[in-house]
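Student: Take a look and give me a structure for this.
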Amino acid sequence: MAGQRAADARQCMGPAPARVAPAPPLRDARGSQHPVCGAVTEALSWLFCCALAVGAGLLLAGARSGFPRDLRGALGYWSLGLVLVGISGWLLRSELPSSGHLGGFVMVLGWTSGWRAWLAMARLPVPNWLPAPALLLIAGLIAPQDWWPDLRTLAQLLVVLGCISALRERRLDERPGIRHSLLGLLAATALLELFVLGLSMTDTSPGPHEGSDAALWTRLLMPMMLSLGFLLLCVERLQSKLERAAAIDPQTGLLNRRSFSAAGDRAVARARSDAAKGCAVAVIDIDFFKRVNDRFGQPAGDLLLQHVAAHMLEGARHHDLLGRLGGEEFALLLEGVDGATAQRAAERLRRNVESHVMRLEGEPVPVTVSVGVALLEATDRDFDDLLRRADRATLKAKSAGRNRIELARP
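Tutor: Predicted structure coming up:
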């Protein structure tokens, strides 16, 4: 009886509601992520890389003021290129009318700006064919529509080849390993563009072919990868300038005393290891320098120092080293010479300075120097001993009447 009543109650309530199963994850039949999720992830990654390129370009543009003047131009071109590449990436994925054509054009302009940066770094003249990739794309706008992908790839290939030609210049050899690595990356990019161009010309099916996405990602990401090498080369050049500034006398452009003494120490070591290689040093003092300085002023004295340094460089052999020891005193380092050869080299410098009269305030001012020459002897403990003997010989030349050469005694 009770069972009958339960059955009647169930009939009155109707059928039991079906149990709802949880929604399956967005995966395809093979268990991989659903294409919609993959497309969203790829789009977000693309936009992030575009923003990263623009941000890196703006950051680099703000930092360029801290670099020397000759590097600011190259950094400016490079930062502009990064910003243009980032903007082009956004345009290429945009739904705006003709955004694909505009994005491809801006991408090529960004890479061309990078090419211009390499030319500025290498101090090379701008080639006549620099605008060729951009002009090729402009021509593509009036060409048949199906030509556009090939023309865009060809323009990109031309820019990459231009960057390679600039990077092959050995003026960028502050650190050859960096340059060779950059050349490798650009060569790989050029091969990819050639591969994409070949596929496009052989594949007659409509729509994008295999390799198009890889080429797009490479065009977007490669400038950011190259930026590290570009910055390293800039830092290396800045370091070279600082090292040169620390080694060079700013008034005359000759080696300063510290650098000259270091070169002298190395020359003495080489002469000690090979008895056939002699070593000599000449100390050169400008005659009556104080008189000129007092009469015409300190600026005239600075001009006199530059005048003497320039004409001594004219008279020196290409492998001799000239340095300024301080004040009006200079020194000449000679290797592979005997006493007679050292005296002839010093005499050549003395005559070359004497033969060029300087004019100060419209008045001719004769300029002469007194020179003391010392040849390395077994009794010299180091370069400083050799330099002191040459200095004593210079004092002897001045006391003997100036404008002459004296050979130091052992």
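Student: Please pull up the helix or strand immediately following the lengthiest helix in the chain.
Tutor: As assigned by DSSP state H, the longest helix anywhere in the chain is helix 212-247. Counting by DSSP states H and E, the next helix or strand C-terminal to helix 212-247 is helix 257-273.
Student: How much space separates residue 274 from residue 386?
Tutor: 17 Å (C-beta to C-beta, to the nearest Å). C-betas here are computed from N, CA, C, even on glycine.
Student: Those two: which is more packed in?
Tutor: residue 386 (25 against 9; other C-beta atoms under 10 Å).
Student: And the helix or strand hosting the more buried one, what does it pack against?
Tutor: Take DSSP H and E as the rule and residue 386 turns out to sit in helix 383-399. Of the remaining helices and strands, those touching helix 383-399 by 3 or more C-beta pairs under 8 Å, 6 or more residues apart in numbering; DSSP states H and E are helix 257-273, strand 279-286, strand 329-335, strand 369-375, strand 405-407.
Student: could these go into CSV alongside mean pLDDT and distance to residue 304?
Tutor: Output for those, formatted as CSV (pLDDT from 0 to 100; distance: least, C-beta to C-beta, whole Å):
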stretch, mean pLDDT, distance to residue 304
helix 257-273, 92, 19
strand 279-286, 95, 7
strand 329-335, 95, 12
strand 369-375, 96, 11
strand 405-407, 93, 20
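Student: And the longest helix of the chain, what does it pack against?
Tutor: Helix 212-247 packs on helix 35-63, helix 69-92, helix 99-121, helix 148-167, helix 176-202, going by 3+ C-beta pairs under 8 Å, 6+ apart.
Student: and these as JSON lines, adding mean pLDDT?
Tutor: Listed next are the helices and strands packed on helix 212-247 as JSON lines, based on pLDDT from 0 to 100:
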{"stretch": "helix 35-63", "mean pLDDT": "85"}
{"stretch": "helix 69-92", "mean pLDDT": "92"}
{"stretch": "helix 99-121", "mean pLDDT": "92"}
{"stretch": "helix 148-167", "mean pLDDT": "90"}
{"stretch": "helix 176-202", "mean pLDDT": "85"}
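Student: Residue 403 is nearest to which of the ones you listed?
Tutor: Counting by C-beta to C-beta, residue 403 lies closest to helix 69-92 out of the helices and strands packed on helix 212-247; the figure is 41.4 Å.
Student: Could you check the angle that closest one makes with helix 99-121?
Tutor: With axes from the mean of the first three to the mean of the last three C-alpha atoms, to 10 degrees defining the directions, helix 69-92 sits at 170 degrees from helix 99-121.
Student: Pull out the buried positions in helix 69-92.
Tutor: The neighbour-count check on helix 69-92 (16 or more other C-beta atoms under 10 Å) flags 71, 73-92 as buried.
Student: And for stretch 226-244?
Tutor: For stretch 226-244, the neighbour count (16+ other C-beta under 10 Å) marks 226-227, 229-230, 232-234, 237 as buried.
Student: Now tell me what touches that stretch from outside.
Tutor: Stretch 226-244 has contacts (C-beta atoms under 8 Å, 6 or more residues apart in numbering) with 56, 60, 67-68, 71, 74-75, 78, 82, 114, 117, 121, 172, 174-175, 178-179, 181-182, 185-186.
Student: Need the CA coordinates for it. CSV is fine.
Tutor: Below are the C-alpha coordinates for stretch 226-244, written out as CSV (Å, rounded to 0.1, in the frame of the first residue of the first chain):
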residue,chain,number,x,y,z
LEU,A,226,70.0,43.0,-32.5
SER,A,227,69.5,45.9,-30.0
LEU,A,228,71.7,44.2,-27.4
GLY,A,229,74.6,43.9,-29.8
PHE,A,230,74.1,47.5,-31.0
LEU,A,231,74.2,48.8,-27.4
LEU,A,232,77.3,46.6,-26.6
LEU,A,233,79.1,48.2,-29.6
CYS,A,234,78.2,51.7,-28.5
VAL,A,235,79.5,50.9,-25.0
GLU,A,236,82.7,49.5,-26.4
ARG,A,237,83.3,52.6,-28.5
LEU,A,238,82.6,54.8,-25.5
GLN,A,239,85.1,52.8,-23.4
SER,A,240,87.7,53.1,-26.2
LYS,A,241,87.2,56.9,-26.2
LEU,A,242,87.6,57.0,-22.4
GLU,A,243,90.8,54.9,-22.6
ARG,A,244,92.2,57.1,-25.4
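Student: so how far is that stretch from its chain's centroid?
Tutor: Once both centres are worked out by C-alpha atoms, centre = their mean, to the nearest Å, stretch 226-244 turns out to sit 5 Å from its chain's centre.
Student: How confident is the prediction for residue 228, by pLDDT?
Tutor: Residue 228 is assigned a predicted lDDT (pLDDT) of 89.
Student: Kindly report the same for the one 4 residues further on.
Tutor: Model confidence at residue 232, expressed as pLDDT, equals 87.
Student: gap between it and residue 121?
Tutor: From residue 232 across to residue 121, the span is 12 Å (C-beta to C-beta).
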